[in-house]
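In: coordinates only, sequence not included:
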């Protein structure tokens, strides 16, 4: 940098235009040096993360026999750990050092390395779990070490949980939802059950997951308050409803399909009733999504899920080779039981609440007439019509 004394000595005896040109050139050099320093400070975490993964990959290639197998799944999981664990340190540095620096933020700045690592590790975890599920369904042998897979899942989960404190990381809640789904899928894969048993186990596991996520969605306000006390930035409650409700409805439909398939696939009662209970539990799961807001359609969907679950539960007591007529009889009995049950339920539990009307509007609207008054009006209209016909 050029100090003030050097500028005065250089500008002595020179014209004003030459002085302006030299000072402008010094300013451009200072700005260029500042931009290079800015780019270097943003690229350094990416370079460090890349070198750390390269070192972990080289070590695993030559020393994998001490820890796991030489399969591609273990190689990817080790790289997930090597990417997610150091990114936790970069996350702390981002909030404690980088965001407190006097250097202003610009629109063209690089994404923080912890955010990129969270997205990449999440995608890799979902990919490896899906690959394991595919190999389980097809019966192919998969070389993978279980504890390494759990380490990768735990490291990625810790990083995505840390991203809840990053206000710009809007993907964190959806990422935790995917990680939870990957967790239950990994449990099913590591049970090493036959492909035919995947129908029953998949219905039970997914049914429990929809119940848990529905309960968390119902208590999301308390969760946001708890996270706010821990220093997490505030998030909108309505943003989760845009993706979680369709996702849980899709999982509920899958559970109902798996329950129907299990009822026609297994002959033992002990293998059929758990999937029927899981299908019946989807009525509660969808009802949790509706909550007190009474979203239009969700309570009706919960009712349909309850009817299907009741029918599957009744069918589970029948032999698998029973005639279709017997199934239809049981279906009619189950529907009659559900109808009697719904007749005792208040209608306001199934009809969504009308929003957007003030108390004055509700009071000013004339109340609906009783059945007796409506019948009296109909009788008067009928008598007047007959009188006119007779008179003409």
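Out: That came through, no problem. A quick note: this is a predicted structure, and the numbers were derived from the prediction, not measured.
In: going by C-alpha atoms from here, please, whenever you check contacts or count neighbours.
Out: Fine.
In: what strand or helix carries residue 150?
Out: helix 146-162 (DSSP states H and E).
In: what does that helix contact?
Out: 68, 74, 77-78, 80-81, 84-85, 87-88, 91, 114, 118, 121-122, 125, 172, 175-176, 179, 183, 190 (CA atoms under 8 Å, 6 or more residues apart in numbering).
In: check stretch 194-205 too.
Out: So stretch 194-205 is contacted by 136-139, 184, 188, 254-256, 258-259, 261-262, 271-272, 274-275, 278-279 (CA under 8 Å, 6+ apart).
In: now do the buried residues in it.
Out: 198, 199, 200, 201, 202, 203, 204, 205 (16 or more other CA atoms under 10 Å).
In: adding pLDDT and secondary structure, write these out as JSON lines.
Out: Conversion of those to JSON lines gives the following (pLDDT from 0 to 100; DSSP: H, G, I helix; E, B strand; the rest coil):
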{"residue": "198", "pLDDT": "83", "secondary structure": "helix"}
{"residue": "199", "pLDDT": "82", "secondary structure": "helix"}
{"residue": "200", "pLDDT": "86", "secondary structure": "helix"}
{"residue": "201", "pLDDT": "89", "secondary structure": "helix"}
{"residue": "202", "pLDDT": "88", "secondary structure": "helix"}
{"residue": "203", "pLDDT": "90", "secondary structure": "helix"}
{"residue": "204", "pLDDT": "91", "secondary structure": "helix"}
{"residue": "205", "pLDDT": "92", "secondary structure": "helix"}
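In: make a markdown table out of the residues you listed and add distance to residue 153.
Out: Below are the buried residues of stretch 194-205 laid out as a markdown table (distance: CA to CA, whole Å):
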| residue | distance to residue 153 |
| --- | --- |
| 198 | 22 |
| 199 | 24 |
| 200 | 25 |
| 201 | 21 |
| 202 | 20 |
| 203 | 23 |
| 204 | 22 |
| 205 | 18 |
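In: hang on, the earlier thing: what subset of the contacts of stretch 194-205 is buried?
Out: 136-137, 184, 188, 254-256, 258-259, 261-262, 271-272, 274-275, 278-279.
In: any low-confidence regions in the stretch 201-350 of the chain?
Out: 237-238, 291-296, 345-350 (pLDDT under 70).
In: give me phi/psi at residue 219?
Out: Residue 219 adopts backbone torsions of phi -100, psi 30, taken as degrees, to the nearest 10.
In: and it, how close does it get to residue 342?
Out: Noted for residue 219: a distance of 27 Å to residue 342, by CA to CA, to the nearest Å.
In: then residue 302?
Out: For residue 302, the distance to residue 342 - CA to CA - is 13 Å.
In: between the two, who's got more neighbours?
Out: Just comparing residue 302 and residue 342: by other CA atoms under 10 Å the higher neighbour count belongs to residue 302, 25 against 13.
In: for the more buried one, what is the enclosing helix or strand?
Out: Applying DSSP H and E, one finds residue 302 within helix 298-315.
In: equivalent analysis for residue 278, please.
Out: Using DSSP H and E, the element containing residue 278 is helix 269-290.
In: what ranges does the stretch 101-250 of the chain have for its helices?
Out: Using DSSP state H, counting those that start in this stretch, the helices of the stretch 101-250 of the chain run over residues 113-138, 146-162, 172-190, 198-218, 220-229, 238-265.
In: on that earlier part again, buried residues in the helix holding residue 150, which are they?
Out: In helix 146-162, counting by 16+ other CA under 10 Å, buried: 148-149, 152-162.
In: outside of the host helix or strand of residue 337, which residues touch it?
Out: In this assignment (DSSP H and E), residue 337 forms part of helix 324-343. By CA under 8 Å, 6+ apart, the residues outside helix 324-343 that reach it are 307, 310, 311, 314, 315, 318.
In: return a ChimeraX selection command for the buried portion of those.
Out: Buried members of the contacts of helix 324-343 can be picked out in ChimeraX with the line below, counting by 16+ other CA under 10 Å:
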select :307,310,311,314,315,318
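In: adding distance to residue 57, write the contacts of helix 324-343 out as CSV.
Out: Below are the contacts of helix 324-343 laid out as CSV (distance: CA to CA, whole Å):
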residue, distance to residue 57
307, 53
310, 53
311, 53
314, 55
315, 54
318, 56
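In: need the max-distance pair from the contacts of helix 324-343.
Out: 307 and 318 (17.5 Å; CA to CA).
In: distance between the ends of stretch 190-199?
Out: 15 Å.
In: now do stretch 230-241
Out: Rule used - CA to CA; the end-to-end distance of stretch 230-241 is 23 Å.
In: mind listing what's buried in that stretch?
Out: residue 232.
In: for residue 206, what are its contacts?
Out: With contact taken as CA under 8 Å, 6+ apart, residue 206 is in contact with 184, 251, 252, 255.
In: mind picking the two most distant members of those residues?
Out: Longest span within the contacts of residue 206, CA to CA: 184 and 252, 15.1 Å.
In: need the mean per-residue confidence for the helix or strand hosting residue 57.
Out: Using DSSP H and E, residue 57 maps to helix 16-63. For helix 16-63, the mean pLDDT works out to 65.
In: same thing with stretch 124-136?
Out: 91.
In: okay, buried residues for it please.
Out: Those would be 124, 125, 126, 128, 129, 130, 132, 133, 136, for stretch 124-136 by 16+ other CA under 10 Å.
In: try stretch 212-222
Out: By neighbour count on 16+ other CA under 10 Å, the buried set for stretch 212-222 is 213, 214, 215, 217, 218.
In: what do you get for stretch 165-179?
Out: 165, 166, 169, 172, 173, 175, 176, 179.
In: just the terminal-to-terminal distance for it.
Out: 18 Å.
In: can you list contacts of it?
Out: Residues contacting stretch 165-179 (CA under 8 Å, 6+ apart): 115, 122, 126, 153, 157, 160-161, 163-164, 231-234, 240, 243-244.
In: apply 7 Å and report the result again.
Out: 115, 157, 160, 163, 164, 232, 233 (CA atoms under 7 Å, 6 or more residues apart in numbering).
In: pretty sure the fifth one sits against residue 232.
Out: I take that to be residue 164. Yes - the pair residue 164 / residue 232 is scored as a contact, 6.5 Å apart, by CA atoms under 7 Å.
In: perfect, that will be all.
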